[in-house]
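S.K.: return a 3D structure for these sequence lines:
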Amino acid sequence: DSGTGGSSSDDLSEEDSLPFLGVGRLYQTPKSDPSSTTTTPNEILKRLAKSTVAIVGIGGVGSWAAEALCRSGVGNLILIDLDDICVSNTNRQVHALSTTVGRMKTEEMGRRLRDINPNCNVTIVHDFISVTNAYTLLQTLTPELDIILDAIDGATEKAALLAAACVHSLPILTCGGAAGRTDPTQIVCDDLTRCADCRLLFSCKKMLRDEYKLFTKGPSEAREIRKFKARKWRIAAVFSTEVVKKVEEDGGSSLRRCDGALGTACFVTGTYGFVAAGKVVEMIVQEQLVKPRVLQSSVDRIKRLQEERQAEGGDAEETVPFF
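M.R.: Coordinates of the predicted model:
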């Protein structure tokens, strides 16, 4: 792990704030609005500069989100990934250039972010999230961490990260699958419970209910299901309402392919990243970093299990799922 960059101060100099004044003006509260306290552009920029956001997965969605957060004045960014850039990332990842193929995604993204804003503190975590390390990895990042932006593309790992965030009571925004989608205008942000057309997030919701037992199940009777409206989990999710067409796997190619059979495009993955970053910025400037609403009994159970394992020496946590 490495952290480099400038230092975010409570008092922003005119030189430091100038690149992001447009963001401050965008979110300032006008004096004519009687329903809220007046907020100046400089106060907005201070909130952003003091905030810490972890982006997990620096690929087709995470790379664009990281850049958008940096260009919005977020002062502390944690980049978590262990993947390298391959040539087939060129169609959708902002750090994928002819000169960066083979290099680590986090390192290249970190260089780019520091070039955009030398005062941004960029911390690199060389690791993949898994069911065995999600709990302890997030534990090392608290209490400095304000919110997590999840851009993982594997259901098991994504569910583990979401569960760990829930147990640690950390605000988190998750992104659904972008593969196979061509219409960026159908991408929305809503509570995770409101997502219906994303198989990736559907699998995550099922695991969070059935395996981690952090949320209650809905009714099983057809008559009750029609009337049932799930209680919001207070986990923001970016997903598309576009229905993905079924595509058969092409087994004939020997070329390395990093985006599966469905294919992807930057105008879709980028939109996912921008919508996610926009929501995170909104939550920071409005000081509404909402924590997930979970079953406390399950949180207590998982914490007790972790305490017991750590008391035994900690080796077990490297091979055993944290739940």
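S.K.: ok now the strand or helix carrying residue 299, how far from the chain's centre?
M.R.: In the assignment (DSSP states H and E), residue 299 maps to helix 296-311. Chain-centre distance of helix 296-311: 24 Å, with Cα atoms, centre = their mean, to the nearest Å.
S.K.: same check on stretch 295-311?
M.R.: 24 Å.
S.K.: for stretch 141-152, measure first residue to last.
M.R.: 18 Å (Cα to Cα, to the nearest Å).
S.K.: ok, residues contacting it?
M.R.: 51-62, 65, 69, 76, 78, 129, 138, 158, 161-162, 165, 168, 170-175, 272-273, 276-277, 280, 283-284, 289 (Cβ atoms under 8 Å, 6 or more residues apart in numbering). C-beta coordinates here come from the backbone N, C-alpha and C atoms, glycine included.
S.K.: which positions in the helix holding residue 299 come out as buried?
M.R.: Within helix 296-311, the residues that count as buried by 16 or more other Cβ atoms under 10 Å are 298, 299, 301, 302, 305, 306, 309.
S.K.: about what we covered before: out of the contacts of stretch 141-152, which end up buried?
M.R.: Members of those classed as buried by 16+ other Cβ under 10 Å are 51-62, 65, 69, 76, 78, 129, 138, 158, 161-162, 165, 168, 170-175, 272-273, 276-277, 280, 283-284.
S.K.: poorly predicted segments of this protein, please.
M.R.: Applying pLDDT under 70 to the chain flags residues 1-11, 31-38, 219-228, 247-260, 314-320.
S.K.: can you give me the strands for the protein?
M.R.: 2-4, 52-56, 76-81, 121-126, 147-150, 172-175, 187-191, 236-240 (DSSP state E).
S.K.: can I get those strands in CSV with distance to residue 92?
M.R.: Output for the strands of the chain, formatted as CSV (distance: least, Cβ to Cβ, whole Å):
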stretch, distance to residue 92
strand 2-4, 26
strand 52-56, 16
strand 76-81, 15
strand 121-126, 21
strand 147-150, 17
strand 172-175, 13
strand 187-191, 14
strand 236-240, 15
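S.K.: between those, which one is closest to residue 20.
M.R.: With respect to residue 20, and counting by Cβ to Cβ, the nearest of these is strand 76-81 at 14.1 Å.
S.K.: quick one on the thing from earlier: what's the closest of the strands of the chain to residue 214?
M.R.: Here strand 172-175 is closest among these (Cβ to Cβ), at 12.3 Å.
S.K.: other residues contacting that closest one?
M.R.: In contact with strand 172-175 (Cβ under 8 Å, 6+ apart) are residues 61, 65, 147-151, 158, 161-162, 165-166, 189, 192, 201, 204, 235-239, 272-273, 276, 279-280, 283, 292.
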